[in-house]
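S.K.: Got a predicted model here, sequence first, then my questions.
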Amino acid sequence: MYVHSSEKGNTTCYPALNQITDNPFPLWKDHSKDASLLTLASGILSDEQFYMIFLFLIYTSQLINNCAIIANSLSIAVFVKLGFSEPSNISLTALAICDLTLAVLYTWNNLCFLLTYHNVRLPFHAVNVTALTGGAQWAFLSSTVAWITAFISFERCLCILFPLKVRRLITPRGTFVAMLIIILLTFCPSFFIFIRYKFVWVFNPYLNITILNTIPVNNEMAILFENFATVICGVIQPLLAFTIMLICTVLLVVQLRKISSWRMSVTSAKSQRVQPEENPAAHSSAAEARTSQKEERLVRMVVAMATMFIMSYIPTCIGLICYVVFDEYNLFGVYRKLLFLFGHITSLGQPISGSVNILIYYNMASKFRSVFRRLVRLDRQEQET
């Protein structure tokens with residue numbers, strides 16, 4: 001099979017990146033020079049087992065993605081109605097937008113794979129084209145979600161460490177700028193992939209049609225951009241964000257226990273007073289207790305979000321470490337089947353986390369719950385009944 005490229009009236013033919021056969025999900029050719037490793041890898045998972053598990057993961061992930069699309073769309077609508085005077089609303093809205101985009105990108109990948117599997121002739125190579133138009137963006141956007149979640153946790157830590165200065169440290173404008181910087185440094189490098197690979201039209205003799213495919217651009221600059229985007233932005237940045245989030249979550253949990261103990265002591269002291277209205281200090285203590293209770297709910301919400309994301313992101317971190325440590329654990333190595341399946345298994349955590357966030361907001365944020373109920377008209381239904 002050959003790729004045909006026309007420039008200034010001249011036609012050039014050269015071998016395509018992948019041979020396209022009747023196989024609905026063509027796997028890449030083995031490039032390993034280790035025969036024993038190749039034999040071991042081929043015995044781990046047969047093609048039939050691979051396709052069976054892969055299809056199950058596609059249908060399962062799409063069901064979860066549908067829930068994530070609905071949940072994050074509702075979250076964005078609620079935050080828009082709440083307004084952006086609070087910095088936390090800006091960061092939570094950015095998180096919901098990223099989660100929604102992740103679900104849409106994953107839906108695009110699943111749709112193309114399923115159509116190809118059911119012998120629907122697509123005008124492009126499903127695996128290769130979706131890897132550039134959905135897979136790469138999904139991987140880098142997952143890093144963006146990790147950094148936004150880490151920023152939210154770090155913001156709560158600042159509120160605890162510097163309660164009197166936090167209003168000057170964390171402002172709506174500053175939070176908006178921080179979200180833009182995070183997106184610029186984590187998601188935008190995903191477009192470096194288009195420097196390394198380009199789209200070409202390929203004639204497929206098995207189907208007797210010309211389809212869109214991708215080929216690598218083999219020059220030093222393109223390879224340098226790909227290595228930078230993969231190692232720095234695709235591996236180091238997510239692991240660093242995960243570490244920051246883990247540290248901030250631990251600090252928040254410790255502080256949450258201190259706040260709970262302090263609030264219980266204030267409540268106990270207040271209940272022991274016979275006539276609290278005659279003591280001005282009692283009113284001050286009561287006000288501090290109410291403020292502490294609000295802060296506690298907000299901290300609990302952030303801890304729940306971060307904990308959910310950490311649990312769902314641990315398998316992804318394991319996959320990133322394997323990608324760096326094992327040379328054959330890549331799209332062209334002998335462990336490509338395991339990479340494909342493990343990648344889909346780990347990617348299930350992201351839409352699950354995005355779907356659960358709205359439940360966390362609803363249970364722990366009274367303003368969110370009130371606006372959400374008005375948005376879906378639950379209050380009106382209760383009044384009519």
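M.R.: Arrived safely, thanks for sending. Computed from a predicted structure; not experimentally measured.

S.K.: does the residue nearest in space to the middle of the chain belong to a helix or a strand, and which?
M.R.: Centrality entry for the chain: nearest residue to the mean C-alpha point is Ser142, 3.1 Å, by C-alpha atoms, centre = their mean. Assessed by DSSP states H and E, Ser142 sits inside helix 136-161.

S.K.: what does Thr210 give?
M.R.: Going by DSSP H and E, Thr210 is part of strand 209-216.

S.K.: So which bits of that strand are buried?
M.R.: Buried positions in strand 209-216, judged by neighbour count with 16 or more other C-beta atoms under 10 Å: 211, 213-215. Where C-beta positions appear, they are placed from N, C-alpha and C, glycine not excepted.

S.K.: Tell me which two of those sit farthest apart.
M.R.: Ile211 and Ile215 (13.0 Å; C-beta to C-beta).

S.K.: one step back: output the strand holding Thr210 as CSV, nothing but the C-alphas.
M.R.: Extracted in CSV, the C-alpha atoms of strand 209-216 (Å, rounded to 0.1, in the frame of the first residue of the first chain):
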residue,chain,number,x,y,z
ILE,A,209,-11.4,3.3,-1.6
THR,A,210,-9.1,6.2,-0.7
ILE,A,211,-9.1,7.0,3.0
LEU,A,212,-7.5,9.5,5.3
ASN,A,213,-4.5,8.2,7.2
THR,A,214,-1.5,9.6,9.1
ILE,A,215,2.3,9.3,8.5
PRO,A,216,5.2,10.3,10.7
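
S.K.: Show me what that strand is packed against.
M.R.: Here strand 209-216 touches helix 126-130, strand 197-204, going by 3 or more C-beta pairs under 8 Å, 6 or more residues apart in numbering; DSSP states H and E.

S.K.: Who are the packing partners of the helix or strand just after it?
M.R.: Next along the chain after strand 209-216, taking DSSP H and E as the criterion, comes helix 220-228. In terms of contacts (3+ C-beta pairs under 8 Å, 6+ apart), helix 220-228 is packed against helix 193-196.

S.K.: avg pLDDT for the helix it packs on?
M.R.: For helix 193-196, mean pLDDT is 82.

S.K.: Show me what that helix is in contact with.
M.R.: Here helix 193-196 makes contact (C-beta atoms under 8 Å, 6 or more residues apart in numbering) with 132, 136, 216-217, 221-223, 225-226, 229.

S.K.: Ok, stretch 219-228 next?
M.R.: 189, 192-193, 195-196, 216.

S.K.: Buried subset of those, written for ChimeraX?
M.R.: In ChimeraX, this line selects whichever of those come out buried by 16+ other C-beta under 10 Å:
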select :189,192,193,195,196
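
S.K.: just the contacts of stretch 219-228 now: which is nearest Ile314?
M.R.: Pro189 (23.6 Å).

S.K.: Check whether Thr93 really touches Phe79, as I assumed.
M.R.: Yes: assessed by C-beta atoms under 8 Å, Thr93 is found in contact with Phe79 at 4.3 Å.

S.K.: out of these two, which sits in the busier spot?
M.R.: The residue with more neighbours, out of Thr93 and Phe79, is Phe79; 24 against 19, by other C-beta atoms under 10 Å.

S.K.: For that one, list the residues it contacts.
M.R.: Phe79 sits in contact with 89, 92-93, 96, 368, where contact means C-beta under 8 Å, 6+ apart.

S.K.: Let's verify it: helix, strand, or coil?
M.R.: helix (DSSP: H, G, I helix; E, B strand; the rest coil).

S.K.: what's around His344, how many residues?
M.R.: Neighbour tally, His344, other C-beta under 10 Å: 19.

S.K.: The one 10 residues further on now?
M.R.: Neighbour count of Gly354, defined by other C-beta under 10 Å: 28.

S.K.: Give me the number of neighbouring residues for the residue lying closest to it once chain neighbours are set aside.
M.R.: Using C-beta to C-beta, 6 or more residues apart in numbering and skipping the chain neighbours, the partner closest in space to Gly354 is Asp99 (3.3 Å). A count of neighbours around Asp99, defined by other C-beta under 10 Å, yields 27.
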